[in-house]
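> Have a look at this fold, sequence not included:
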């Protein structure tokens, strides 16, 4: 529980004895910051308001300003004045709802121009303001996926340019990574290769709500069992052929030597 809110309730009976400047009202935007919105969809921001028993909300205002830029000017999107807190948006696609302890801003047809800083301001019955801000950005698709290798550490590293909330996965020869091939890091961006030697095709796939992109690292072709068998057969045939040629040469030489000896012996007998 918020400490300020707790103290307000505990010391409420003493409020009449304290200065009028003391107030316990607070506001908190529930959305986790920053908020990413897909273009064309709706931006919804919710705020929770806390106030003591003697406090009363007299006005709620939602405003917008660019996140960056030198000429950033805050623009009122909707104002909810008076006890009824009836809200009026400044644009047709802006809607604000108010409850006893909360307010919701909705912008339909979100576009890149709607990215920026949103501020909700709550005014109490004494005119004191309490504000909170929230950064809103466009949800972007995945761009420019690249895979690089660290040969000394047998690592493949996958990087992505600027996509929102990217998710990484790996494929080896178009199939899921197994422990025999490698191990993926906790964030999915790094693949520790266990296969040796490093060969084949490693593909990194990066995806988010708007689609996916991929890149492939191609190592040397792997020697399959059939290739090794074929290579062994070829080597055996070459050895047999070489052996046959060598045997033929030896036989021919041996025959030539024998013919010379017989010719020599025949000549001696004639003489």
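In hand now; what should we look at? Since the model is a prediction, treat every value here as computed from it, not as a measurement.
> Show the pLDDT at the most centrally placed residue in the chain.
Taking CA atoms, centre = their mean as the criterion, residue 166 is the residue nearest the geometric centre of the chain, at 1.6 Å. For residue 166, the pLDDT comes out at 97.
> you'd agree it is up against residue 207?
Yes. Look at residue 166 against residue 207 with CB atoms under 8 Å: they come within range, at 7.3 Å. Glycine gets a C-beta too; all of them are placed from N, C-alpha and C.
> What about the residue nearest to the centre of the chain? Give its phi and psi, please.
phi -70, psi 150 (degrees, to the nearest 10).
> Distance of it relative to residue 224?
Distance of residue 166 to residue 224, given as CB to CB, to the nearest Å: 34 Å.
> again with residue 167
For residue 167, the distance to residue 224 - CB to CB - is 32 Å.
> Over to residue 134?
56 Å.
> Give me the more crowded residue out of these two.
residue 134 (20 against 9; other CB atoms under 10 Å).
> Disregarding flanking residues, what is the spatial nearest neighbour of the more buried one?
In this structure, residue 134 finds its nearest non-sequential neighbour in residue 29, 4.6 Å apart by CB to CB, 6 or more residues apart in numbering.
> Give the bridge partners for that neighbour, please.
residue 47 (DSSP bridges).
> That one contacts residue 132, doesn't it?
Yes. Using CB under 8 Å, residue 29 is in contact with residue 132, at 5.0 Å.
> list residues touching both of the two?
Common neighbours of residue 29 and residue 132, using CB atoms under 8 Å, 6 or more residues apart in numbering, are 47, 120.
> what about these two, which has more around it?
residue 29 (19 against 15).
> Torsion angles phi and psi at residue 114?
phi -90, psi 0.
> for it, what are its contacts?
37, 43, 64, 107, 136.
> looking at the residues you listed, which has the most residues close by?
residue 107 (25 neighbours).
> dump the residue contacts of that residue.
Here residue 107 is in contact with 42-43, 77, 93-95, 114 (CB under 8 Å, 6+ apart).
> Now for the residue nearest to it when sequence neighbours are not counted: which residues touch it?
Counting by CB to CB, 6+ apart, residue 43 is the residue found nearest to residue 107 once chain neighbours are left out, at 4.4 Å. Each residue near residue 43 by CB under 8 Å, 6+ apart is listed here: 35, 37, 105-107, 110, 114, 136.
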